[in-house]
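[1] quick one, fold the following:
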Amino acid sequence: MHISAKADYAARALLELAREPARPLTCEAIASAQQIPFRFLKSVVGELRRAGLVRSQRGCEGGYWLGRPADEITLLDVTRAVDGEVLTLRGETLGGLDYPGPATGLPGVWRRIEADAAAVLGGTTVAALLPAGAHPREPAAEGAA
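    Just a heads-up that it's a prediction; the model follows:
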């Protein structure tokens, strides 16, 4: 199984946002704290914003906040926001996968792996991953862009 750099960076960015309750964070601050390439992070954060997992505000007081509470964002949400599917086979979804002859049972194995991975990711929230003593942040007040 392959975990994409996008999914890894997205989860790490959300964890940075979740542990910083006092102010919004810029992409530069997140990239620096997590040692993530800035340009790559900028596009990942854009995908998270389109999925509603982060919110943004422009200007000198601007930056990014979580789009909803950390205990309501799962790693499955993150993965689907940036990768679309949990598991693909040669870039294709597993839904219609069908093999002939002795390989007939193989698609079922791939689907079980996908279901098990989705269960683990769906059962793990951003809040649950925060280090002891860190507090999940609430989303910013309405009106942030």
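
[2] how about the residue minimising distance to the centre of the chain, secondary structure?
    Centroid-nearest residue in the chain: Val78, 2.2 Å away (criterion: CA atoms, centre = their mean). Each residue gets one of three states, and Val78 gets helix by DSSP: H, G, I helix; E, B strand; the rest coil.

[3] for it, what are its contacts?
    For Val78, the contacting residues are Ala7, Ala10, Ala11, Leu14, Leu48, Leu53, Leu121, Val126, by CB atoms under 8 Å, 6 or more residues apart in numbering. Every residue, glycine included, has its C-beta placed from N, CA and C.

[4] before we move on, what about Thr124?
    Thr74, Leu75.

[5] do you know how far it is from Asp116?
    13 Å (CB to CB, to the nearest Å).

[6] now Leu25
    Leu25 is 33 Å from Asp116, by CB to CB.

[7] next one: Arg39
    34 Å.

[8] any weak-confidence spans in this protein?
    Scanning the chain with the threshold set as pLDDT under 70 gives 21-22, 133-145.

[9] run through the helices of it in chain order.
    With DSSP state H as the criterion, the chain has helices at 5-19, 27-34, 38-50, 75-83, 106-122, 126-129.

[10] can you tell me which of those helices is nearest to Gly63?
    Comparing these by their distance to Gly63 (CB to CB), the top pick is helix 27-34, with 7.6 Å.
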